[in-house]
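Undergrad: Sequence and predicted structure, then a few things I'm wondering about:
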Amino acid sequence: MFKSITMLAGAALGVSTAVAMGAPSPSALISHATGRTGSCAVSWGSGPKTSTRPEGPSTARTAGVRVGQHACYDRLVIDLGSGRKPGYRVRYVRAVHAPGSGKTVPLRGRAQLEITVADHAAPGFPASASDLAGVSGFRAFRQVAGAGSFGGSTELGLGVRTRLPFRVHLRNGPGSDSRLVIDVAHHR
């Protein structure tokens, strides 16, 4: 028993010393050999994600967008302001179309996510802007564009490098506000 514990402690000390001296960690070696990090494995899928509108009309308003980069995914946050949360639909499409007119919204990238939020845009939100957020240098995102707000829904288009897995969350906060969060994985 003591021999096993001594060997285990010695092995751990040897790995710690090697890493401290600049050698890559075992997880880094495995990541390099496989081309992927184990912590970035996702099971999100690329099929449509929807949430129906809660009872009664939505009183939230699409107010803004923000983007961020994470180790394993790019994130789009749609600020919804305060009020009753809206329903949403996020799906890959061949082309994103402006609500009302049906005009195609041009997007950079080989894949396009159509984001429909079942609420109106807040006054001052550039619902038809071709570049709502800067995504230069992002691994998955290529462009975030507004398609318009019409008939009780606001449409956005997200140009993606290729069809990648994604997940969607409707979150509370800060305060009485809510936000729709869309993460697109860097790898399949």
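TA: Received, thanks.
Undergrad: which residues does the nearest residue to residue 122 once chain neighbours are set aside contact?
TA: In space, residue 122 comes closest to residue 61 once its chain neighbours are excluded; the distance is 3.8 Å by C-beta to C-beta, 6 or more residues apart in numbering. C-beta coordinates here come from the backbone N, C-alpha and C atoms, glycine included. Contacts for residue 61 (C-beta atoms under 8 Å, 6 or more residues apart in numbering) come out as 80-81, 83, 119-122, 125.
Undergrad: quick one, helices of the protein?
TA: Along the chain, counting by DSSP state H, helices occupy 2-20, 26-34.
Undergrad: State the number of residues packed around the residue lying closest to residue 52 once chain neighbours are set aside.
TA: Nearest residue to residue 52, sequence neighbours excluded (C-beta to C-beta, 6+ apart): residue 87, at 4.8 Å. Residues within reach of residue 87, counting by other C-beta atoms under 10 Å, total 16.
Undergrad: Next, give phi and psi for residue 87.
TA: Backbone torsions of residue 87, given as degrees, to the nearest 10, read phi -80, psi 170.
Undergrad: you'd agree it is up against residue 80?
TA: No: the criterion here is C-beta atoms under 8 Å, and residue 87 misses it with residue 80 at 11.4 Å.
Undergrad: which parts of stretch 136-148 are buried?
TA: 138-148 (16 or more other C-beta atoms under 10 Å).
Undergrad: Just the CA coordinates for stretch 122-129, please, in PDB.
TA: Taking C-alpha atoms only, stretch 122-129 is exported to PDB below (Å, rounded to 0.1, in the frame of the first residue of the first chain):
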ATOM      1  CA  ALA A 122     -37.200  49.500 -28.400                       C
ATOM      2  CA  PRO A 123     -37.100  53.100 -29.800                       C
ATOM      3  CA  GLY A 124     -33.600  53.800 -30.900                       C
ATOM      4  CA  PHE A 125     -32.600  50.200 -31.500                       C
ATOM      5  CA  PRO A 126     -31.200  50.000 -35.100                       C
ATOM      6  CA  ALA A 127     -33.300  47.000 -36.100                       C
ATOM      7  CA  SER A 128     -32.200  47.100 -39.700                       C
ATOM      8  CA  ALA A 129     -28.500  47.900 -39.300                       C
END
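Undergrad: Nice, that's everything, thank you.
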